[in-house]
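Colleague: Okay, predicted coordinates and the sequence, questions at the end:
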Amino acid sequence: MPEPNTTAIVNIGTLFTGDLAAPIDEAESLLINDGRIVAIGNVSVADADRLIDVHGATVGPGLIDSHCHVVMGDYTPRQQTVGFLSSYVHGGICQAISPGEIHTPGRPRNRDGVKALAVAAAHWWDTYRPNGMKVHGGAVVIEPVLTDEDFLEIASQGVKLAKFGFGNYEDPADGLPQVRGAQAAGIKVMCHSGGASIPGSKPITVDHLLLLRPDVCGHVNGGPTSLDEDGLLTLVNETDLILQLVQAGNLRSAIHITKAVREAGAEHRVIIGSDTPTGTGVIPLAIIKTMAELCSLAGVEPEVAWAWASGNTRDVYDLDSGKIEIGRPADLVVCDAPWGALADDAAGALVRGDIPGISAVIIDGVVRALRSRNTPAAARAVTVTPEIPLPPGSSHV
């Protein structure tokens, strides 16, 4: 059955926008046409082909995993798990950004192989969307063999991302020419932060980050070993670098960074990632779990945490979706307090440190999950009219 052109979402209790400048909207309805948001509030449902009644639940933009270790297809060789990306959609994650396909078995280190892997990975997600998820792959792993001309070449072939920290450098400081070459070619560089994470990699210190000046300090709260606390304050207060907090990092360090960021008024520089699958495992609820930790332990407002996990990442990586705005793709998560929880809504659940129950995930206007198989059941389930079959993988309970 073809997807309807027009969908109305009504009876929204709280609308998170993903935009730090105005993170909550009072609108109670949305209208979607051909996969994009065309109206916010004052929606007439008379002309809608489909009606989604959320019965007072919370709606926010689809979450973005800014550090997801994809390889090829919906499979992770690190954990030998098939279908992990499809499962991540049930955690509200609608997009994932690769920090380089570093877990590819036999990953090449020679010049031609490094470039070929990046170009291929940048494009094999163009038409492959596991459960609708949008994957931004092909981050070139920066190696000393790469030249300025190489970065220009692969940028012209669609490579927009780079990862520094796993190249064959004796000292990470030696990678400065390659980091600058990638940035000069318009490629956004994420840098490993903290202790070594896999055999063959090297620790990257605050001094390295201050020298290299990457676009994004990847897993700045540790991946998994964190940086020193004074050095983290230097990164927050004396630079404008993007600070990525991840589930697979150090929670104590994440709280320290968050408090410093709030004191400095630097909330616009924070993004959230999972840094999975790695040795930490496959964690479908990684992003929303990090949000719950930051809200309950570091005092972050739920709407701000949601923006860190959506709109901020959209802005950093210049993505099409990630905020609830007219004209943007309708990537949406409907959630509520989990059934039986002490909280009244999703925001209250996050403040208590509880994982909200996800009742629907919508990507490009298409319902990809109802009754998430990974979260607790939402206190208020959605009603879809006309009724649709339960999407594959959704919970039957």
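Modeller: Great, that's in hand.
Colleague: Near residue 188, how many residues? Count them for me, please.
Modeller: Residue 188 is flanked by 18 other residues according to other C-beta atoms under 10 Å. (C-beta placed from N, C-alpha, C; glycine too.)
Colleague: Which of the helices or strands spans the residue of the chain most remote from its centre?
Modeller: In the chain, residue 46 marks the outermost C-alpha relative to the chain mean, sitting 34.9 Å out by C-alpha atoms, centre = their mean. Assessed by DSSP states H and E, residue 46 sits outside every helix and strand.
Colleague: how close does it get to residue 307?
Modeller: In this structure, residue 46 and residue 307 are 33 Å apart, going by C-beta to C-beta, to the nearest Å.
Colleague: check contacts around residue 265.
Modeller: Neighbour list for residue 265: empty [criterion: C-beta atoms under 8 Å, 6 or more residues apart in numbering].
Colleague: Return the helix or strand where residue 176 lies as CSV; C-alpha atoms alone will do.
Modeller: Using DSSP H and E, residue 176 maps to helix 176-184. Coordinates of the C-alpha atoms in helix 176-184 are reproduced here as CSV (Å, rounded to 0.1, in the frame of the first residue of the first chain):
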residue,chain,number,x,y,z
LEU,A,176,48.6,18.4,11.6
PRO,A,177,49.4,18.7,7.9
GLN,A,178,46.8,16.1,7.0
VAL,A,179,44.1,17.6,9.3
ARG,A,180,44.6,21.0,7.7
GLY,A,181,44.6,19.5,4.3
ALA,A,182,41.3,17.8,4.9
GLN,A,183,39.7,20.9,6.3
ALA,A,184,41.0,23.0,3.4
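Colleague: Show me what that helix is packed up against.
Modeller: Here helix 176-184 touches helix 148-156, strand 161-164, strand 188-191, helix 206-212, going by 3 or more C-beta pairs under 8 Å, 6 or more residues apart in numbering; DSSP states H and E.
Colleague: rerun at 7 Å
Modeller: helix 148-156, strand 188-191, helix 206-212 (3 or more C-beta pairs under 7 Å, 6 or more residues apart in numbering; DSSP states H and E).
Colleague: show me where pLDDT drops low in this structure?
Modeller: The model of the chain has pLDDT under 70 over residues 1-4, 196-201, 395-397.
Colleague: Heading C-terminal from the longest strand seen in the chain, find the next helix or strand.
Modeller: Taking DSSP state E as the criterion, the chain has its longest strand at strand 357-363. The helix or strand immediately downstream of strand 357-363 is strand 366-370, counting by DSSP H and E.
Colleague: and the angle from that following strand to strand 357-363?
Modeller: Interaxial angle, strand 366-370 versus strand 357-363 (axes from the mean of the first three to the mean of the last three C-alpha atoms, to 10 degrees): 160 degrees.
Colleague: Provide the strand pairings for strand 366-370, with the direction of each partner.
Modeller: Sheet partners assigned to strand 366-370 using DSSP bridges are listed as strand 357-363 (antiparallel).
Colleague: How far off centre is the partner strand?
Modeller: For strand 357-363, the separation from the chain centroid amounts to 16 Å (computed by C-alpha atoms, centre = their mean, to the nearest Å).
Colleague: Quick check: residue 115 touching residue 155?
Modeller: No: with contact defined as C-beta atoms under 7 Å, residue 115 does not reach residue 155; the gap is 10.7 Å.
Colleague: Can you verify my assumption that residue 47 contacts residue 6?
Modeller: Yes: between residue 47 and residue 6 there is a contact at 6.4 Å, judged by C-beta under 7 Å.
Colleague: Count the residues that sit near the closest residue to residue 390 other than its chain neighbours.
Modeller: Among residues not flanking residue 390 along the chain, residue 370 sits closest, at 5.9 Å (C-beta to C-beta, 6 or more residues apart in numbering). Per other C-beta under 10 Å, the neighbour tally for residue 370 reads 24.
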